[in-house]
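**Q** what follows is a protein structure lacking sequence information:
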């Protein structure tokens, strides 16, 4: 699972929604392999954004994601469907959503800004990286228990 695991699981939360985890993992698979296809199918960006957002309560469930995929599919032309997707692995876009949103016009970006994942704060990134180590995981786990967060 490694590369597709959402970063928000490294925040040491005591309770985590396993269904949100599954949607984020699938979103990361799509994002990893299809981020370059956003220029051909712009609605992939909002799909990726809502499937992989680090704000778990804003993340789509599987049914919502599937409904949006069906809407995308219904709006595609035969020419787009018959063209070859740009399948190139892109590890960086998993950590930085700006990399796939920049393929889109500013008009499209502003229209779909509610689907754009928020930037991750430096503190959250630090907690995620610290929690990736044995010592950091132990410290953060104890701190969350003590503070009841």
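**A** Ah, there it is. The model shown is predicted, which means the values in this text are computed figures rather than measured ones.

**Q** nearest residue to the residue nearest the centre of the chain in space, please, no chain neighbours.
**A** The chain has residue 52 as the residue nearest its centroid, 2.0 Å off, counting by C-alpha atoms, centre = their mean. Leaving aside its chain neighbours, residue 52 sits nearest to residue 27 (4.1 Å; criterion: C-beta to C-beta, 6 or more residues apart in numbering). The way it works is simple: take the backbone N, C-alpha and C, and place the C-beta from them, glycine included.

**Q** and the longest helix seen in the chain, what's buried?
**A** If you go by DSSP state H, the chain has its longest helix at helix 18-34. Using 16 or more other C-beta atoms under 10 Å as the burial criterion, the residues of helix 18-34 that qualify are 20-21, 23-25, 27-28, 30-32, 34.

**Q** counting neighbours, what do you get for residue 132?
**A** Burial of residue 132 is recorded as 11 neighbouring residues (other C-beta atoms under 10 Å).

**Q** quick one: the helices in the chain?
**A** 18-34, 44-52, 62-74, 78-82, 92-95, 98-101, 106-111, 122-130, 134-147.

**Q** outside of the fifth one, which residues touch it?
**A** Spelled out, that is helix 92-95. Residues outside helix 92-95 that contact it (C-beta atoms under 8 Å, 6 or more residues apart in numbering): 3, 7, 28, 31-32, 35, 52, 99-100.
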